[in-house]
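Chemist: Task: produce atomic coordinates for the following.
(one chain, ligands or ions: 1)
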Amino acid sequence: MTDTASQSPFGGLVTNRLAGRVATVTGGASGIGLATVRRLAHEGATVVIADVCDEDQGDRLAEEVGGLFLRTDVTDESQVIELFATTQERLGAVDVAFNNVGISPPDDASILETGLDAWRRVQEVNLTSVFHCCKQVIPYMQAQGRGSIINTASFVAVMGAATSQISYSASKGGVLSMSRELGVEFARQGIRVNALCPGPVNTPLLQELFAKDPERAARRLVHAPMGRFAEPEEIAAAVAFLASDDASFITASEFLVDGGIAGAYVTPM
Ligand code: NAD
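Modeler: The predicted structure follows:
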């Protein structure tokens, strides 16, 4: 084991495979995004954190990883244009775009209870934001002749849940098919586009929800072959892989990181 490996906060051998690369991470101040910011930086990338969190928090995180915080609301096209223009101007490239913002508010539930308001809000944040980010970053990647885009979908893009969040699931289906199409359209221009499909992840939001309602957690855990949810760092590891040249032949994929949930019928006792 090398020194880098033994000192790695990620538990295993982490290489420098993103050295010299510039990566943007939307929703980088929390959960999967935050773990990914740290992982990409650890692998040598200069990371731009784009989030609506407060400036102090964003600046602190940027300082921690030696990157940049650009306060960005990804539902606002002009702010997304600004995000990539500033990244290009200040760091000279945009090699990796992790388009990861997503929300799952409680008023998005069964179709019978979900209002148009909640439907539209979730579509705007989860799907339209990915449209803005891809549309605005691709021209920079075309000019460079390379790039890796990773859009966060979800395992619910490929399987149904009786515990419905109808707009969320539909939005993630949209992210999945948009990513597939972009991956195909730009494949000969050195741009790879993949949809990351995480299973349930142990984020603060989920912990809080399930601590209040253990039955709700049990209802889901029974379907997880590994009997647990993912840690954000396990999802970040997949993003780092997709971002790197190790994934040079992977594009337009439905990249499941779900602990086997989507492949399971009967799970172990
Ligand atoms: P999180 O709530 O921990 O973090 C989301 C971040 O996005 C926050 O920092 C928030 O400030 C930011 N954000 C929200 N709206 C924004 C906006 N309009 N513009 C810019 N930033 C904004 O989320 P998470 O659980 O880490 O989820 C990240 C992604 O992974 C989401 O797309 C989510 O749907 C997806 N996902 C999560 C899980 C899970 O179990 N947590 C499972 C599958 C997929």
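Chemist: Please, where are all the helices along the stretch 51-200 of the chain?
Modeler: For the stretch 51-200 of the chain, the helices defined by DSSP state H, counting those that start in this stretch cover 55-65, 77-91, 116-123, 129-144, 166-185.
Chemist: and the angle for the fourth one with helix 77-91?
Modeler: The reference is to helix 129-144. 30 degrees (axes from the mean of the first three to the mean of the last three C-alpha atoms, to 10 degrees).
Chemist: What are the buried residues along helix 129-144?
Modeler: For helix 129-144, the neighbour count (16 or more other C-beta atoms under 10 Å) marks 129-134, 136-138, 140-141, 144 as buried. Every C-beta, even on glycine, is put in place using the N, C-alpha and C of the backbone.
Chemist: can you pull the alpha-carbon coordinates of it into PDB?
Modeler: The C-alpha coordinates for helix 129-144 follow below in PDB (Å, rounded to 0.1, in the frame of the first residue of the first chain):
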ATOM      1  CA  SER A 129     -31.800  22.200 -14.400                       C
ATOM      2  CA  VAL A 130     -30.100  19.300 -16.100                       C
ATOM      3  CA  PHE A 131     -31.300  20.600 -19.500                       C
ATOM      4  CA  HIS A 132     -29.800  24.000 -18.700                       C
ATOM      5  CA  CYS A 133     -26.500  22.500 -17.400                       C
ATOM      6  CA  CYS A 134     -26.000  20.200 -20.400                       C
ATOM      7  CA  LYS A 135     -27.000  22.800 -23.000                       C
ATOM      8  CA  GLN A 136     -24.600  25.300 -21.500                       C
ATOM      9  CA  VAL A 137     -21.600  23.100 -20.900                       C
ATOM     10  CA  ILE A 138     -21.500  21.100 -24.100                       C
ATOM     11  CA  PRO A 139     -20.200  23.900 -26.300                       C
ATOM     12  CA  TYR A 140     -17.100  24.300 -24.000                       C
ATOM     13  CA  MET A 141     -16.500  20.500 -24.200                       C
ATOM     14  CA  GLN A 142     -17.000  20.600 -28.000                       C
ATOM     15  CA  ALA A 143     -14.300  23.300 -28.200                       C
ATOM     16  CA  GLN A 144     -11.900  21.200 -26.100                       C
END
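Chemist: just checking, what packs against it?
Modeler: strand 22-26, helix 77-91, strand 96-99, strand 147-152, helix 166-185, strand 191-198 (3 or more C-beta pairs under 8 Å, 6 or more residues apart in numbering; DSSP states H and E).
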